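Asks: Next come a sequence and a model predicted from it.
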Amino acid sequence: MTPASRCAAALIASMLAGCAASRDRDTAARIETLKASYSELHQRFERAADKEPLVASAFADRGEVILAIRSGLIEELVGNVAASYLDRVTVDLKEFGAHANGKMHKKTFLGRVTVGKWNLSVDLGSMAGHLRAGQPQVSLRPPNLLDVDLPVGIEEAHGDATLHFEWDSSGVANVVCNDFKSTLAIEGRVLPQQHRLKGAFELGNTGESLTAAPMFPERRLLLRLDLSPSSWAKVKEALGSQDTLGKCGMFMDADDGLARLRDLAANGISVRLPDSIFRTVHLPARLQESVMVNKRPVGLGLTAESLRIDTATLWSSVSVQVQTRPKP
């Protein structure tokens with residue numbers, strides 16, 4: 001290499017070294033600027049987070065995993081569960097029946113006296129109640145309840161039934177009025193009607209999943225009934241057969257007895273919905289008990305920490321413990 005070449009090479013090396021040093025200084029200065037910017041943004045974020053109720057609520061929970069579900073989603077999920085309980089459900093009424101009894105009074109020359117007692121029971125036989133659920137109203141209630149107001153529609157249904165009527169005369173009527181019993185095969189129908197079923201779901205946290213347990217203490221519905229025209233005629237004929245002077249015609253009014261039966265049917269019979277309809281459900285928020293790490297399962301111990309409703313949100317948290325296993 002000639003002296004001129006060596007001089008040129010030294011000059012280029014010096015220039016490159018100067019450029020590299022300049023770049024290093026610029027890079028260091030930019031890093032310091034970015035660090036300062038990051039620190040400022042982090043402080044601003046913390047100050048803003050302290051004022052945000054949702055973030056503050058999240059940090060209030062214990063546990064390593066915190067799940068937040070907005071009220072709209074949880075209300076929709078539980079609403080669908082509640083509606084599914086009673087949608088397209090058929091209740092067999094053969095184990096239910098209507099019962100009523102009372103006393104009959106008459107004005108006589110001796111004054112107002114009790115002339116007899118009557119007792120009525122109806123076996124519903126092949127009749128059934130067909131239920132359809134409407135759109136429920138669901139609302140969050142702290143700390144862990146979801147109130148449900150569920151409209152329930154009853155569809156019209158027809159079937160066979162049996163009516164038992166007993167008359168027991170007493171007092172002065174017992175002299176001229178004989179006791180009697182009547183059993184009639186009749187045709188009835190469940191009237192179309194609307195009811196409301198109110199209750200709640202209690203939310204729970206098992207650690208692995210969220211549960212919703214139904215709390216419906218009042219599970220009874222009043223099913224209003226009616227008889228076919230021919231059946232009403234049959235009942236009136238049976239009561240009218242006693243409306244003679246030699247029997248109870250002096251004291252018992254067949255039309256009055258028929259009116260009492262119509263009132264009983266219109267008021268409805270109390271039917272308690274089966275407990276099997278209302279069951280605890282698991283909401284779609286589950287944690288796996290193990291994860292795969294490097295093609296090996298690692299067990300997780302999950303412990304429920306909290307479950308609460310706050311800021312229109314359902315909060316749930318769990319603690320996670322890694323269960324180590326020896327290498328195979």
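Replies: Here it is on my side, so go on. Numbers count the residues shown, from 1 in each chain.

Asks: per-residue confidence for the closest residue to residue 215 other than its chain neighbours?
Replies: Excluding its sequence neighbours, the residue lying closest to residue 215 (CB to CB, 6 or more residues apart in numbering) is residue 200, at 4.7 Å. Heads up, the C-betas are built off the backbone N, CA and C, glycines and all. In this model, residue 200 is scored at 94, pLDDT.

Asks: One more: residue 176?
Replies: Residue 176 is assigned 53 on the pLDDT scale.

Asks: can you map out the strands along the stretch 51-200 of the chain?
Replies: Under the criterion DSSP state E, counting those that start in this stretch, the stretch 51-200 of the chain contains strands at 65-70, 89-92, 97-108, 111-123, 128-133, 137-141, 145-155, 157-169, 180-190, 193-205.

Asks: Make a markdown table out of these and add distance to residue 225 and mean neighbour count.
Replies: Listed next are the strands of the stretch 51-200 of the chain as a markdown table, based on distance: least, CB to CB, whole Å; neighbours: other CB atoms under 10 Å:
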| stretch | distance to residue 225 | mean neighbour count |
| --- | --- | --- |
| strand 65-70 | 44 | 16 |
| strand 89-92 | 13 | 15 |
| strand 97-108 | 7 | 14 |
| strand 111-123 | 8 | 16 |
| strand 128-133 | 10 | 18 |
| strand 137-141 | 29 | 16 |
| strand 145-155 | 11 | 19 |
| strand 157-169 | 8 | 18 |
| strand 180-190 | 6 | 17 |
| strand 193-205 | 10 | 18 |
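
Asks: Tabulate those strands (a markdown table), appending distance to residue 83.
Replies: Compiled in a markdown table, the strands of the stretch 51-200 of the chain are given as follows (distance: least, CB to CB, whole Å):
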| stretch | distance to residue 83 |
| --- | --- |
| strand 65-70 | 19 |
| strand 89-92 | 11 |
| strand 97-108 | 29 |
| strand 111-123 | 31 |
| strand 128-133 | 4 |
| strand 137-141 | 10 |
| strand 145-155 | 7 |
| strand 157-169 | 21 |
| strand 180-190 | 21 |
| strand 193-205 | 11 |
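
Asks: Tell me which of those strands lies nearest to residue 221.
Replies: Set against residue 221 and scored by CB to CB, those come closest in strand 193-205, at 5.1 Å.

Asks: could you point out which element follows the closest one?
Replies: strand 210-215 (DSSP states H and E).

Asks: any idea of the mean pLDDT for that next one?
Replies: Taken as a whole, strand 210-215 carries a mean pLDDT of 89.

Asks: what's the angle between it and strand 65-70?
Replies: Interaxial angle of strand 210-215 relative to strand 65-70 (axes from the mean of the first three to the mean of the last three CA atoms, to 10 degrees): 50 degrees.

Asks: Can you list the strands that strand 210-215 pairs with?
Replies: Applying DSSP bridges, strand 210-215 is found paired with strand 193-205 (antiparallel), strand 281-283 (antiparallel).

Asks: Redo the ones you listed as TSV? Include distance to residue 81.
Replies: Listed next are those as TSV, based on distance: least, CB to CB, whole Å:
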stretch	distance to residue 81
strand 193-205	8
strand 281-283	5
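
Asks: right, so of those, which gets closest to residue 222?
Replies: The nearest among those, by CB to CB, is strand 193-205 at 7.4 Å.

Asks: now for the strands paired with strand 210-215, which one comes closest to residue 322?
Replies: Of all the strands paired with strand 210-215, strand 193-205 comes closest under CB to CB, at 20.3 Å.

Asks: Find the residue ranges of the stretch 51-200 of the chain scoring beneath the pLDDT cut-off.
Replies: 52-60, 104-115, 169-178 (pLDDT under 70).

Asks: Go ahead and confirm residue 133 touches residue 79.
Replies: No - using CB atoms under 8 Å, residue 133 is not in contact with residue 79; the gap is 9.9 Å.

Asks: Any figure for the gap between the closest residue to residue 162 other than its chain neighbours and residue 35?
Replies: Distance criterion CB to CB, 6+ apart; nearest residue to residue 162, sequence neighbours excluded, is residue 123 at 4.4 Å. Distance, residue 123 to residue 35, using CB to CB, to the nearest Å: 86 Å.

Asks: In the chain, spot the strand with the most residues.
Replies: Among the segments of the chain that qualify as a strand by DSSP state E, the longest is strand 296-310.

Asks: Work out the sheet partners of that one and label each with its direction, please.
Replies: Using DSSP bridges, the strands paired with strand 296-310 are strand 290-293 (antiparallel), strand 313-323 (antiparallel).

Asks: Can you lay out these as a markdown table showing distance to residue 196, mean neighbour count and mean pLDDT?
Replies: Listed next are the strands paired with strand 296-310 as a markdown table, based on distance: least, CB to CB, whole Å; neighbours: other CB atoms under 10 Å; pLDDT from 0 to 100:
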| stretch | distance to residue 196 | mean neighbour count | mean pLDDT |
| --- | --- | --- | --- |
| strand 290-293 | 45 | 10 | 65 |
| strand 313-323 | 25 | 18 | 77 |
